[in-house]
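Asks: next comes the sequence, and after it the predicted model I'd like to discuss.
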Amino acid sequence: MATPQDTTQESAPNTGSWRDELEDVGFVRRVLISRLWYGPDWWFVAISAVMVAGFITLAIIPGAFAPYRPDVLVGPRFLAPNARPDLPVLVVGGSSNATQLRDLATLPGGERPSIGVLQGVPTAGALNQEAQSIDEQLKTEPEGLRLRPRIVRFDTLDATLQALQDGKLTAVVVRQLEFEQVAKQFPGLREGSPITGETATAGGFLLGTNEIGQDVFSRLIWGTRIALIIGFSASIVALLLGVPLGLFAGYSSGPIDRLLSLVMDSMYAFPGLILAIAITAVLGPSVLNVIVAIAVLYIPTYYRIVRGQTLAVKEELYVDAARSLGARSMEILRRYIFPNVIPSVAIIFSVNIADAILTGAGLSFLGLGLPPTIADWGIDLARGQRFIQTAWWMITFPGLAIMLVVLAFSMMGEGLTEIFNPKLRER
Amino acid sequence: MTDDTLYSVRNLSVDYTTRSGTVRAVENVSLDIKRGEILGLVGESGCGKSTLGKALMRLHTGPAHIAAGELWFDGRDLMTYSEEEMRQIRGAEIGMVFQDPMTSLNPVQRVIDHISETIRTHEPSSEGMARQRAEELFERLGIRSERIDDYPHQMSGGMRQRVMISLALALHAKLVVADEPTTSLDVIVEAKFLDLLRELREEFGLTILLITHNIGVVAEVADRVAVMYAGHMAEVGNVEDVFDRPLHPYTQGLLQSVPNISLTEADSLYRMGGEPPNLVNPPSGCRFHPRCPSAMPICSRLAPHLQPAVDEHLVHCWLYEDHPEKEMPTVKVEG
């Protein structure tokens, strides 16, 4: 019989080692403590956690980070990363105090300004368009000013600028970068502002622009949202369907189990992407259909793992013990089998998010998944691959983004698994 | 069946369906468990003693099933009970303690949850009441009540085995089936645990079926002993009778095989010839006859009956049973 003496000995208070403390601490401290036994690799988890947190922040508030909306045409087409757009700029003589096209407006009856342009470049068209829109606007204002420039065409840049320097013209409109190269030869001339009013984009675009003049960087940031929505929703839907089915099949292990396993295995036998392609092709392109297609793809993964684990846990002595105490089947499933199966589900879940993002990108790359109006990395990849030789940035950055987000989720999934389930590490 | 019999097993057979055929792990076994006694059930590994123990609660699932027989518990025929009715009996009236305390508790559930869940499965009871009862039980079993919130892995093997006992006691089970409860405990913890079993028997009027292959444990705590061999009940009787004067040749061999600290180098341990039979194709007649030193021609043809040799000392052997075809005279045992 247990005397008081041996009771104290057997139930001696915890010696305060970190392993015992783990029971009493919260999430943050647990993560910090995990460093101690996670070994020198703890930074691996830390980095991935920061990356995942970053991606989630981006997905929640892309507007705070992206300079432009993803669907507006903000600049010239095919602008390389960090290159300045070669905007048509107004150049005037040193004596003039005009800085923009609007300053050249005159009263009706006054002398129309003559503006020189270079023959054969689109600056003339831009000038014409811009002058007309300014004129339209001026008409509505009380001053009665009009802008109706006389456009004079020249064959060379030098001739154009020389004419201005000689006072034959009021101003010229030339490409900004071209003018800057020769500006020293014409000291009397002064550069005004770009005529098209795109002063905000004059500094260029961090990651360049695509074939219709959208900002690659902004599309990248907005694309995070749809990638994470697809990744999380598809994994959660697959989990919510696959886990109960697996539990039920594993626990009942009768004809229902055999039938379910047959169905799941035949789904598993399909190459994943092909199955998803077939489903989206039938359902049509929309975010919801992509989520459904990918979820269907991953149900068998959950089902198989959970069923296998259930079969194993079902034979554990503590399940027999629970039955010997009169526990109901539902109770055994819920309190004995499910909690012992869930660690493996957590692993698949984290890996699955990454996988689902990849599949989602693959689907939209093939043009099957999402409607083309949505900012999505897969769509950007598909558009970029046509211009891979001339505009490498269009395909490189979405590709990198997909790689990074998949890497972050995989790394964090594995790290967290080991932190919260050291038993798996020992296996 | 008399009134002092708590559980009466009649002609029980349990089959396992395997790929190589049907294995009859328990064949035609009858056993009476008396109220308030500790009955030791001994035998080699694989002789069917755990199968019998599980059959008492009709716990078998999957490949195992009860092929024939009657189970009378407290005057009720359990074979006629539905699964739901059996569930009411399990835990509440018959408890079970398993061999390996390390794996017989759910690793992700606190100890208190095991106990309160068991109580609340069978009785409407509040969380607080269940907890209070659990604490009282823990105190009684010599575990500090603070440990009630621990997880199983924070406890030693002996403590866990006491927790398992407390699960059976929580609802005042009449019968506890203890399936090799001390096998994985060291001898000191084992001795304490056996003392505890004896005390609980006195205190709660428990009846205990102690399944073990440890003859010493049975000699120490049991009132009566039942010896099984290859799915047959070989011998049943009071501990003193069986151990002082074993009748069945298998029991004799088994008792001689027990290592003893007083053995000198000159005495070598008795080693029984042959191997335990393969139960897919068991030997005909008495299943022990291929290894039996006193085998007779009839032994390989017909199985004997479990019948009293003297008073309440039952034996399953042709040596003590008459039959017209028997060549040898029947051994008469003096009372």
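Replies: Thanks, I have the structure now. Numbering: from 1, shown residues only, chains lettered A, B, ... in the order given.
Asks: residues touching the spatially closest residue to residue B:284 that is not a sequence neighbour, list them.
Replies: Using C-beta to C-beta, 6 or more residues apart in numbering or on different chains and skipping residues adjacent in sequence, the residue nearest residue B:284 is residue B:300, 5.7 Å away. Where C-beta positions appear, they are placed from N, C-alpha and C, glycine not excepted. When contacts are counted by C-beta atoms under 8 Å, 6 or more residues apart in numbering or on different chains, residue B:300 touches B:283, B:284, B:285, B:286, B:289.
Asks: secondary structure class for the first one?
Replies: Taken by DSSP: H, G, I helix; E, B strand; the rest coil, the conformation at residue B:283 corresponds to coil.
Asks: residue in the stretch 1-150 of chain B with the shortest distance to chain A?
Replies: residue B:142 (2.8 Å; C-beta to the nearest C-beta).
Asks: my read: that residue touches residue B:161, true?
Replies: No. Residue B:142 is beyond contact range of residue B:161, at 11.7 Å (criterion: C-beta atoms under 8 Å).
Asks: more neighbours: those two, which one.
Replies: residue B:161 (30 against 19; other C-beta atoms under 10 Å in any protein chain shown).
Asks: just to revisit the earlier point, ok, so of the contacts of residue B:300, who is nearest residue A:264?
Replies: Of all the contacts of residue B:300, residue A:264 sits closest to residue B:283, with 45.9 Å by C-beta to C-beta.
Asks: ok, now which ones touch the closest one?
Replies: Contacts of residue B:283 by C-beta under 8 Å, 6+ apart are B:277, B:289, B:290, B:300.
Asks: can you do 6 Å?
Replies: Contacts for residue B:283 (C-beta atoms under 6 Å, 6 or more residues apart in numbering or on different chains) come out as B:277, B:290.
Asks: cool, and the one 5 residues further on?
Replies: If you count contacts by C-beta under 6 Å, 6+ apart, residue B:288 has them with B:229, B:250.
Asks: please redo it, this time with the cut-off set to 7 Å
Replies: Contacts for residue B:288 (C-beta atoms under 7 Å, 6 or more residues apart in numbering or on different chains) come out as B:229, B:249, B:250.
Asks: give me the distance between it and chain A.
Replies: From residue B:288 across to chain A, the span is 30 Å (C-beta to the nearest C-beta, to the nearest Å).
Asks: what about whatever residue of the stretch 151-300 of chain B ends up closest to chain A, which SS state?
Replies: The nearest approach of the stretch 151-300 of chain B to chain A comes at residue B:195, 4.6 Å away (C-beta to the nearest C-beta). Recorded secondary structure, residue B:195: helix (three-state DSSP).
Asks: so for it, what's the pLDDT?
Replies: Listed pLDDT for residue B:195 reads 89.
Asks: what's the answer for the one 10 residues further on, then?
Replies: Looking at residue B:205, its pLDDT reads 87.
Asks: all helices for the stretch 1-150 of chain B, in order.
Replies: B:49-56, B:83-89, B:111-122, B:127-141 (DSSP state H, counting those that start in this stretch).
Asks: helix B:127-141 and the third one, what's the angle between them?
Replies: Going back to what we said before, that points to helix B:111-122. Put simply, helix B:111-122 runs at 120 degrees to helix B:127-141, going by axes from the mean of the first three to the mean of the last three C-alpha atoms, to 10 degrees.
Asks: and the host helix or strand of residue B:176, what's its mean pLDDT?
Replies: Assessed by DSSP states H and E, residue B:176 sits inside strand B:175-179. For strand B:175-179, mean pLDDT is 91.
Asks: one more: stretch A:276-296?
Replies: Stretch A:276-296 comes out at a mean pLDDT of 90.
Asks: the stretch 101-250 of chain A: helices as residue ranges?
Replies: Going by DSSP H, counting those that start in this stretch, the stretch 101-250 of chain A shows helices at A:123-139, A:157-165, A:176-182, A:216-252.
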